[in-house]
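Colleague: Pasting the sequence and the predicted model now:
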Amino acid sequence: MKILSSPRGKPSILLARAGRYEPAGPLAQAEKAGAWAAWKKTAPDVSPQAVIRLVSDARLRGRGGAGYPAADKWRAAASVEGQARYVIANGFEADPGAQVDRLLMEQDPHAVVEGLVLAAYAIGASHGYIAVHERMGEARQRLSAAVRAAEEAGYIGTNALDSGFDIHVEVVPLPGGLVVGEETTLIRAIENKRAQPDQRPPYPAHDGVWGRPTVVNNVETLSLVPWIVNNGAAAFAAIGDDDFPGTTLVQLSGSLKRPGIVEVPLGMSIRRLLALAGGPVDDAELKAVLVGGPAGGFLPPHELDTLYTPTALAAAGAIWGSGTVVAIDERTCIVDMATTLLRYLSDESCGKTIPCRIGVRRLYEIGRRATSGLARPVDAEVLGQLAADLRDAALCGLERLAPNPFMSGMRYFEEEFDQHFAHGNCPAGVCETLPTKAQAVSA
């Protein structure tokens with residue numbers, strides 16, 4: 001996907017080296033662009049505790065969707081004594097429509113590997129995994145090449161940089177669907193076990209891969225660490241939102257003039273994000289944006305000033321999720337689109353819990369009746385109750401977030417849902433078995 005220009009005057013961290021070196025080329029090219037400077041600066045002169053303190057002072061939060069403080073995970077894993085520890089760079093990118101992690105791994109694989117090594121050093125881990133989806137062939141090849149180059153240079157491996165620290169990195173391609181992106185499921189997949197989530201606590205920082213303390217961070221999170229080491233915690237904390245500092249990658253797609261991926265400081269409004277992609281296409285009127293992926297939320301035009309932070313998005317009914325923003329024009333039926341998303345989420349359920357295995361499917365069936373002219377008088381009420389039950393009983397993020405498309409849709413597009421559920425009309429004229437509101441009135 002095309003890389004869009006960052007806002008004028010805003011820093012670029014994650015994509016600063018994109019195009020400046022050949023990802024599968026000689027290590028010297030990557031080093032000339034700045035790769036491995038942070039690791040060489042750290043080992044052996046900086047203590048692991050100092051690295052954790054630096055990440056804590058920078059207030060770095062995970063970019064995998066939840067926004068959990070990275071240093072808290074690191075500190076928890078480091079505090080478990082007498083056991084081997086592990087670090088997992090989560091590049092699985094389970095949302096099939098998202099390409100932000102893939103772009104990062106393909107454009108700057110050395111940043112991912114170096115960030116993982118710094119995290120491993122900080123918690124005392126001697127082994128790290130970079131988990132990618134098996135379909136990401138190019139990303140896997142470039143990451144593997146970066147690992148080999150670093151091993152040959154003595155930057156990683158046994159006694160890395162003569163520091164007395166051993167760190168071995170393995171790129172692990174994994175099959176599977178949406179649920180594998182959840183950290184406990186990812187751990188089970190790496191262990192070659194059935195890919196299903198586990199109850200938490202215990203958290204992976206105490207009981208992770210092979211039953212050992214494990215830090216699981218998104219590849220974007222880890223790729224920010226070398227910049228923090230090189231430039232200082234204060235410089236990073238000064239970028240973007242006070243509570244969620246730094247930059248992130250956002251994929252802008254849908255009914256936009258220039259779809260692509262852009263690096264922006266957290267805390268920018270969704271309206272400004274859409275402007276970076278040129279705004280809606282000329283012949284379309286913006287109806288909504290879907291923020292966060294298949295389990296994200298629909299936001300109407302009057303909510304476009306919502307800030308792009310996990311807290312603000314959650315308050316508005318959306319999620320950070322996979323880092324995607326999809327612009328939707330007036331030709332789209334929100335009920336139909338929400339139903340399609342629920343069909344996908346139902347298909348992706350691993351089936352471990354009854355509420356998810358059956359409940360998400362029932363949500364889809366309610367939506368399917370509404371888009372087929374077969375809605376029952378109690379369907380809207382049942383949908384709300386079922387959504388609440390799913391969230392209360394959720395074992396993983398898929399189950400907890402699955403109701404989002406319907407709940408945000410009903411929150412902001414109440415009339416459109418009412419037309420489907422109560423009157424059997426499709427105002428957008430998308431649901432083929434239903435008349436439009438105008439046709440129903442004329443009849």
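Modeller: Yep, that arrived. As the structure is a computational prediction, the values presented were derived from the model and not from experiment.
Colleague: gap between the spatially most central residue of the chain and residue 270?
Modeller: In the chain, the centroid-proximal residue (CA atoms, centre = their mean) is residue 322; its distance is 3.1 Å. Here the distance between residue 322 and residue 270 works out to 15 Å (CB to CB, to the nearest Å). Quick note: C-beta positions are derived from backbone N, CA and C, even for glycine.
Colleague: How about residue 59?
Modeller: Relative to residue 270, residue 59 is positioned 23 Å away (criterion: CB to CB).
Colleague: who's more crowded, these two?
Modeller: residue 270 (25 against 18; other CB atoms under 10 Å).
Colleague: Name the nearest residue to that one, sequence neighbours excluded.
Modeller: For residue 270, the nearest residue in space outside its immediate sequence neighbours is residue 304; the separation is 4.9 Å by CB to CB, 6 or more residues apart in numbering.
Colleague: Near the one you found, how many other residues are there?
Modeller: The number of residues packed around residue 304, counting by other CB under 10 Å, is 18.
Colleague: list the contacts for it?
Modeller: For residue 304, the contact set (CB atoms under 8 Å, 6 or more residues apart in numbering) comprises 269-271, 274, 289.
Colleague: Reformat the residues you listed into JSON lines and put pLDDT and secondary structure next to each item.
Modeller: Below are those laid out as JSON lines (pLDDT from 0 to 100; DSSP: H, G, I helix; E, B strand; the rest coil):
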{"residue": "269", "pLDDT": "97", "secondary structure": "strand"}
{"residue": "270", "pLDDT": "97", "secondary structure": "helix"}
{"residue": "271", "pLDDT": "97", "secondary structure": "helix"}
{"residue": "274", "pLDDT": "97", "secondary structure": "helix"}
{"residue": "289", "pLDDT": "98", "secondary structure": "strand"}
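Colleague: and these, which are buried?
Modeller: If you count burial by 16 or more other CB atoms under 10 Å, the buried members of these come out as 270, 274, 289.
Colleague: still on that earlier bit, can you verify my assumption that the residue nearest to the centre of the chain contacts residue 90?
Modeller: No - with the criterion set as CB atoms under 8 Å, residue 322 and residue 90 do not qualify as a contacting pair; they are 11.9 Å apart.
Colleague: and the residue nearest to the centre of the chain, what are its phi and psi?
Modeller: Dihedral angles of residue 322 (phi, psi; degrees, to the nearest 10) stand at phi -90, psi 0.
Colleague: quick one: it from residue 179, how far?
Modeller: Applying CB to CB to residue 322 and residue 179 gives a distance of 13 Å.
Colleague: can you list residues touching both of the two?
Modeller: residue 94.
Colleague: Could I get the pLDDT score of residue 443?
Modeller: The predicted structure scores residue 443 at 45 on the pLDDT scale.
Colleague: which residues of the stretch 301-443 of the chain fall in strands?
Modeller: Assigned by DSSP state E, counting those that start in this stretch, the stretch 301-443 of the chain shows strands spanning 324-329.
Colleague: In it, what residue spans correspond to helices?
Modeller: When assigned using DSSP state H, counting those that start in this stretch, the helices of the stretch 301-443 of the chain occupy the ranges 310-316, 334-348, 354, 360-371, 379-393, 397-401, 404-412, 414-418, 437-442.
Colleague: Extract the C-alpha trace of the longest strand along the chain and format it as PDB.
Modeller: When the chain is parsed with DSSP state E, its longest strand is strand 165-174. Output of strand 165-174 as PDB, limited to C-alpha atoms (Å, rounded to 0.1, in the frame of the first residue of the first chain):
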ATOM      1  CA  PHE A 165      24.600 -11.400  26.800                       C
ATOM      2  CA  ASP A 166      23.100 -14.200  24.600                       C
ATOM      3  CA  ILE A 167      20.100 -13.500  22.400                       C
ATOM      4  CA  HIS A 168      18.800 -15.700  19.600                       C
ATOM      5  CA  VAL A 169      16.100 -14.500  17.300                       C
ATOM      6  CA  GLU A 170      13.700 -16.700  15.300                       C
ATOM      7  CA  VAL A 171      11.200 -15.700  12.700                       C
ATOM      8  CA  VAL A 172       8.100 -17.900  13.100                       C
ATOM      9  CA  PRO A 173       5.500 -18.100  10.300                       C
ATOM     10  CA  LEU A 174       2.100 -19.100  11.600                       C
END
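Colleague: got any ranges where this protein has weak pLDDT?
Modeller: When the per-residue scores of the chain are filtered using pLDDT under 70, the ranges that remain are 434, 436-443.
Colleague: Domain-wise, how is it divided?
Modeller: When the chain is parsed with automatic domain parsing, its domains come out as 27-237, 249-329, 334-442.
Colleague: Next, format the ones you listed as a markdown table and append distance to residue 4.
Modeller: Formatted as a markdown table, the entries for these read as follows, by distance: least, CB to CB, whole Å:
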| stretch | distance to residue 4 |
| --- | --- |
| domain 27-237 | 11 |
| domain 249-329 | 4 |
| domain 334-442 | 24 |
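Colleague: Which among those domains is found nearest to residue 8?
Modeller: domain 249-329 (10.3 Å; CB to CB).
Colleague: measure that closest one end to end?
Modeller: Start-to-end span of domain 249-329 (CA to CA, to the nearest Å) is 23 Å.
Colleague: Centre of the chain to it, how far?
Modeller: How far domain 249-329 lies from its chain's middle: 14 Å, per CA atoms, centre = their mean, to the nearest Å.
Colleague: thinking again about what came up before, could you point out which of the domains of the chain sits nearest residue 15?
Modeller: Comparing the domains of the chain against residue 15 with CB to CB, the closest turns out to be domain 249-329 (4.8 Å).
Colleague: what about the closest residue in space to residue 134 that isn't next to it in sequence, distance to residue 129?
Modeller: Across the structure, with CB to CB, 6+ apart as the measure, the residue nearest residue 134 apart from its sequence neighbours is residue 173 (4.2 Å). With the distance defined as CB to CB, residue 173 ends up 11 Å from residue 129.
Colleague: out of the two, which sits in the busier spot?
Modeller: Each of residue 173 and residue 129 had its neighbours counted (other CB under 10 Å), and the higher figure belongs to residue 129 (24 against 17).
Colleague: by how many degrees do the helix or strand harbouring that one and strand 165-174 diverge?
Modeller: Using DSSP states H and E, the element containing residue 129 is strand 127-133. In this structure, strand 127-133 runs at an angle of 20 degrees to strand 165-174, with axes from the mean of the first three to the mean of the last three CA atoms, to 10 degrees as the basis.
Colleague: Okay then, goodbye and thanks.
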